[in-house]
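Peer 1: fold the following and give me the result.
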Amino acid sequence: MSVSDLSFFLSTAHECSYLAGHEAASLVADPTIRLNTENYSDLIQLGFRRSGGMAYRPHCGACKACVAIRIPATGFHFSRGQRRIWKKNDDLELSSLPLEFHEEHYKLYQRYQSSRHKGGSMDVDDREKYTSFFAADGLDSRLVEFRYAGKLLCVAVIDWLPAGLSSMYTFFDPEYENRGLGVYAILWQIVKAQELGLPHVYLGYWIKDCDKMSYKTHYRPYELFVRQQWHRGID
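Peer 2: Coordinates of the predicted model:
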């Protein structure tokens, strides 16, 4: 089934997770239709993102703050700081695993949430919520581990799509924050996309006035989905 055949629904309004005092709503692709590599690849090029097996796009009336962002793999250039982080982590061991539950990953995820997003909606001890957030049976989704001397430092959840790699979520050991593991994980995905001949790495949504999302425009050049088209961002 192509995207043109899908039905879309508007969610009820709820408190915005990123901008205080704002309400948010989403345009949701028909949840009865199973996401797969082909239809999600089409949807992500139209500014959609997934949570579990549900594809959505912000649809908040007059507010247009949430903007989909992606990095063109072939045009990417390391900044001086990114090059330092890349070299700092060249001692890490990487492995790619199927998207399955691992207790070791879950414990790392909990430590990350408690350190970086304490009190947030994901800072709860709930294995089912954790699993349902990442799982989507019809997709080629993988867990990329980053280890040092056998110790798990970072996990990146990545969807492999014809449109590119979708960086769904990354979490890491807060005790090793000086390594810049979040940055390194994205750089690794950009380099991997280049190796695979994939055109883009999708980073979800960017909000100009949200400090937690400012890092996404540090990978250049980048493109923003505005007025139903992708436009190159300002360098």
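
Peer 1: can you give me the end-to-end span of stretch 73-86?
Peer 2: Chord length of stretch 73-86, first to last residue, is 16 Å (Cα to Cα, to the nearest Å).

Peer 1: and that stretch, average pLDDT?
Peer 2: Mean pLDDT, stretch 73-86: 97.

Peer 1: got the buried residues for it?
Peer 2: 73, 76, 82, 85, 86 (16 or more other Cβ atoms under 10 Å). (C-beta placed from N, C-alpha, C; glycine too.)

Peer 1: same check on stretch 140-155?
Peer 2: Neighbour-count burial for stretch 140-155 flags 141, 142, 143, 144, 145, 146, 152, 153, 154, 155 (criterion: 16+ other Cβ under 10 Å).

Peer 1: which one of the residues you listed is nearest residue 201?
Peer 2: Minimum distance to residue 201 across the buried residues of stretch 140-155 is 12.9 Å, recorded for residue 144 (Cβ to Cβ).

Peer 1: wasn't the closest one part of a helix?
Peer 2: No. Counting by DSSP: H, G, I helix; E, B strand; the rest coil, residue 144 is not part of a helix but strand.

Peer 1: beta-bridge partners for it, please?
Peer 2: residue 96, residue 156 (DSSP bridges).

Peer 1: right, and it touches residue 156 too?
Peer 2: Yes. Counting by Cβ atoms under 8 Å, residue 144 touches residue 156, with 4.5 Å between them.

Peer 1: which positions within stretch 191-204 qualify as buried?
Peer 2: Quick answer for stretch 191-204 (16+ other Cβ under 10 Å): 192, 193, 198, 199, 200, 201, 202, 203, 204.

Peer 1: how near is residue 100 to residue 134?
Peer 2: Using Cβ to Cβ, to the nearest Å, residue 100 is found at 10 Å from residue 134.

Peer 1: sorry, back to before: nearest to residue 66, of the buried residues of stretch 191-204?
Peer 2: The closest of the buried residues of stretch 191-204 to residue 66 turns out to be residue 204 (Cβ to Cβ; 9.2 Å).

Peer 1: so the closest one is in which element?
Peer 2: strand 200-206 (DSSP states H and E).

Peer 1: distance between that strand and the chain's centre?
Peer 2: Taking Cα atoms, centre = their mean, to the nearest Å, one finds strand 200-206 lying 6 Å from the centre of the chain it belongs to.

Peer 1: over to stretch 146-159?
Peer 2: 16 Å.

Peer 1: can you tell me, leaving aside adjacent residues, what's nearest to the residue nearest the centre of the chain?
Peer 2: Compute the mean C-alpha point of the chain, and by Cα atoms, centre = their mean the closest residue is residue 168, 2.9 Å away. Nearest residue to residue 168, sequence neighbours excluded (Cβ to Cβ, 6 or more residues apart in numbering): residue 157, at 4.4 Å.

Peer 1: now do the contacts for the one you found.
Peer 2: Shown in contact with residue 157 (Cβ atoms under 8 Å, 6 or more residues apart in numbering): 99, 134, 141, 142, 143, 168, 169, 170.

Peer 1: recalculate using a threshold of 7 Å.
Peer 2: Under the criterion of Cβ atoms under 7 Å, 6 or more residues apart in numbering, the contact list for residue 157 reads 134, 141, 143, 168, 169.

Peer 1: TSV please, covering the residues you listed and showing distance to residue 229, pLDDT and secondary structure.
Peer 2: Formatted as TSV, these follow (distance: Cβ to Cβ, whole Å; pLDDT from 0 to 100; DSSP: H, G, I helix; E, B strand; the rest coil):
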residue	distance to residue 229	pLDDT	secondary structure
134	30	95	helix
141	27	98	strand
143	33	98	strand
168	24	97	strand
169	27	96	strand
